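Asks: All I have is the shape, not the residue letters:
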RNA sequence: GCGGGUGUAGCUCAGUGGUAGAGCGUCACGUUGCCAACGUGAAUGUCGUGAGUUCGAAUCUCAUCACCCGCUCCA
């Protein structure tokens, strides 16, 4: 990212370069690399003293607004929401039922010449739709009559083919390759090869040794056997390490909620519509962890599974989509950097094709700009998960939810707002980062006061004349309710500057007037303005500005 | 996984084969009278890591790790 910031220091992007944000996060103790003294580990990040407060504030704001005080739904009734906290390691059958074991092990094929990797089940689609050299080859056969013309192939191999598919067997060694192909045609004159087989023949040099090969869509080289990438972390529960006790670290928190759905219904007096919320770690063996904490291998989710009557999916989907978008706005991500994006039908996941919709709430991170990156997804998952678990555990329709009012049984549909706590924290950091050449620190963190890691700082103007004693008394009082800091060292400007970089919204300074008239100055982070308020009014001031 | 780039103190960087440095920051003491002031002093380095070449390597070579960029991936 050093290129990004140095390339064009005048551009708006450079004003908010990721490099500078990362540097501040490190310098002030928001985020560090995991195991940094050993060189770090790709895809894992730690939160420092300020970072942990910020992330906790985000999770607590979410829990407060979602579980404790969720507001009214589209039906005008108060929303019913309860929380759970499920384990990271679950019975492996959970992941078979959810489809993760199958879909998280997408077999990949790699080109032995150029190293290009393609999903094995997509390779023919890629070859037929996005392959430049195959397009070029097929143009040679525009007037293709059904007869395979070795002369045509040879001419292409020695001309265009050399540039477009240098590693294709036909290009490297056309004589041998065409020998195998003509043998095939002569052996079975009544069964000419179809397009797929033809493409495999021209990709094959050592037919006797290797059998038919599949060519690389980029360079024509041979693609390797498909091998599975394990996208779920694996471990073993028990001392021996065998297939029998293999377990997975959960790749999402949602499945804990689904598997406990029936216990919640039986014990919590909730009835549809209602929601179950959970905050917790999830793990994915991402191929390429990138962009600071944005795509990590260990991350934290804040998920709601909201259970509804199937016929009410559309209105609840719309409700959660708007509620969640507005929530992110309310904690300080207002403006052009936040957007709501409905998915096209084509990009929908398998469980959502027929649903009321899927959307992402996206933030314009410096590394995605001018594009956006996902903060939260809101998806109508229909009854896919509850049904899958009901079937997999062998109880099937017996696990349908009984709707007393309507006297009917059904599997509730699910609207799932699933947010990333680490991505949210990163967005808050990026949004807060505000360069300001007029202040000593050169930058300040403009956190919404509700999310700010430190709510207020208490400073004696000088470290004598009874000021420290007054400051300490105020500090002892305020810290019972808020995360506040006291600092008596060094000059006042330096202390303000430090608080600017920590994003502390208010500083209370005790000076000589305090000793006479029992007032303190309040210094506002964003405006640098100061006002005087009574020493006994400080707690009320914070309550009004921050809550709590 | 592929290709390109980067890696020296907390930060910004200097050091191109011969004693590892500066500024800022941090800490201590003094001072202080509202925005990184001043004075004195102090601490802080596996020169990303590991090998190799060399009498001698931060410097040259190779490997490796981490980060950044572009592909790829993103259920």
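Replies: Received the coordinates, thanks. What you see is a predicted model, and the numbers here were worked out from it, not measured in a lab.
Asks: so how many other residues sit close to the closest residue to RNA strand B within chain A?
Replies: RNA strand B sits closest to residue A:493 of chain A, with a gap of 2.5 Å, by C-beta to the nearest atom of the strand. For every residue, glycine as well, the C-beta is placed using N, CA and C. As a burial measure, residue A:493 scores 11 neighbours (other C-beta atoms under 10 Å).
Asks: and it, what is it in contact with?
Replies: residue A:440 (C-beta atoms under 8 Å, 6 or more residues apart in numbering).
Asks: so where does it fall, helix or strand?
Replies: Following DSSP states H and E, one finds residue A:493 within helix A:492-502.
Asks: for chain A, where's the lowest mean pLDDT among helices and strands?
Replies: When the helices and strands of chain A are scored by mean pLDDT, DSSP states H and E, helix A:2-7 comes last with a mean of 32.
Asks: A helix includes residue A:324, no?
Replies: Yes: the assignment for residue A:324 is a helix, going by DSSP: H, G, I helix; E, B strand; the rest coil.
Asks: Give me the distance between the closest residue in space to residue A:281 that isn't next to it in sequence and residue A:544.
Replies: Distances taken as C-beta to C-beta, 6 or more residues apart in numbering put residue A:300 closest to residue A:281, at 5.4 Å, once the chain neighbours are dropped. The gap separating residue A:300 from residue A:544 is 31 Å, by C-beta to C-beta, to the nearest Å.
Asks: of those two, who's got more company?
Replies: More crowded of residue A:300 and residue A:544, by other C-beta under 10 Å: residue A:300, with 20 against 9.
Asks: do you know how far the more buried one is from residue A:360?
Replies: 18 Å.
Asks: count of neighbours near the closest residue to residue A:453 other than its chain neighbours?
Replies: Distances taken as C-beta to C-beta, 6+ apart place residue A:53 nearest to residue A:453, at 3.6 Å, with adjacent residues excluded. Neighbours of residue A:53 under the rule other C-beta under 10 Å: 20.
Asks: So residue A:53 belongs to a helix, correct?
Replies: Yes: Residue A:53 forms part of a helix when assessed by three-state DSSP.
Asks: Verify the stated contact: it with residue A:483.
Replies: Yes: between residue A:53 and residue A:483 there is a contact at 5.9 Å, judged by C-beta atoms under 8 Å.
Asks: residues shared between the contacts of these two?
Replies: With C-beta under 8 Å, 6+ apart, residue A:53 and residue A:483 have common neighbours A:453, A:454.
Asks: Tell me the bridge partners for residue A:457.
Replies: Beta bridges link residue A:457 to residue A:485, residue A:507 when assigned by DSSP bridges.
Asks: pLDDT wise, what is it at?
Replies: Turning to residue A:457, the model gives it a pLDDT of 96.
Asks: how deep is it tucked in, by neighbour count?
Replies: 24.
Asks: Next, the contact list for it, please.
Replies: By C-beta under 8 Å, 6+ apart, the neighbours of residue A:457 are A:484, A:485, A:486, A:487, A:495, A:499, A:504, A:506, A:507, A:508.
Asks: rerun at 7 Å
Replies: A:484, A:485, A:487, A:499, A:504, A:507 (C-beta atoms under 7 Å, 6 or more residues apart in numbering).
Asks: And for residue A:463?
Replies: residue A:488.
Asks: secondary structure class for it?
Replies: Applying three-state DSSP: residue A:463 is coil.
Asks: Point me to the helix or strand that includes residue A:281.
Replies: strand A:274-283.
Asks: Sort out which residues of that strand are buried, please.
Replies: A:274, A:275, A:276, A:277, A:278, A:279, A:280, A:282, A:283 (16 or more other C-beta atoms under 10 Å).
Asks: Not counting sequence-adjacent ones, nearest residue to the first one?
Replies: Of all residues not flanking residue A:274 in the chain, residue A:80 sits nearest, at 3.8 Å (C-beta to C-beta, 6+ apart).
Asks: can you check the second one too?
Replies: Counting by C-beta to C-beta, 6+ apart, residue A:275 lies nearest to residue A:306, which is 4.0 Å off, once chain neighbours are set aside.
Asks: got the contact list for the one you found?
Replies: So residue A:306 contacts A:273, A:275, A:316, A:320, A:414, A:415 (C-beta under 7 Å, 6+ apart).
Asks: Beta-bridge partners for it, please?
Replies: Going by DSSP bridges, residue A:306 forms beta bridges with residue A:275, residue A:415.
Asks: Next one, pLDDT for it please.
Replies: 98.
Asks: which other helices and strands contact the strand holding residue A:281?
Replies: Strand A:274-283 is packed against strand A:81-83, helix A:254-259, strand A:298-308, with contacts defined by 3 or more C-beta pairs under 7 Å, 6 or more residues apart in numbering; DSSP states H and E.
Asks: Identify all contacting residues around it.
Replies: By C-beta under 7 Å, 6+ apart, strand A:274-283 touches A:59, A:63, A:66-67, A:79-86, A:88, A:233, A:249-253, A:256-257, A:264, A:297-307, A:421.
Asks: Restrict these to the buried ones and give me that as a ChimeraX selection.
Replies: ChimeraX command restricting the contacts of strand A:274-283 to the buried ones, with burial defined by 16+ other C-beta under 10 Å:
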select /A:59,63,66,67,79,80,81,83,84,86,88,233,249,250,251,252,253,256,257,264,297,298,299,300,301,302,303,304,305,306,307,421
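Asks: filter the contacts of strand A:274-283 down to the ones close to RNA strand B.
Replies: Restricting the contacts of strand A:274-283 to those touching RNA strand B (C-beta under 7 Å from any atom of the strand) yields A:251, A:252.
Asks: Contact partners for the closest residue in space to residue A:419 that isn't next to it in sequence?
Replies: Leaving aside its chain neighbours, residue A:419 sits nearest to residue A:376 (3.7 Å; criterion: C-beta to C-beta, 6+ apart). Contacts for residue A:376 (C-beta under 7 Å, 6+ apart) come out as A:324, A:361, A:417, A:418, A:419, A:420.
Asks: Cheers, nothing more for now.
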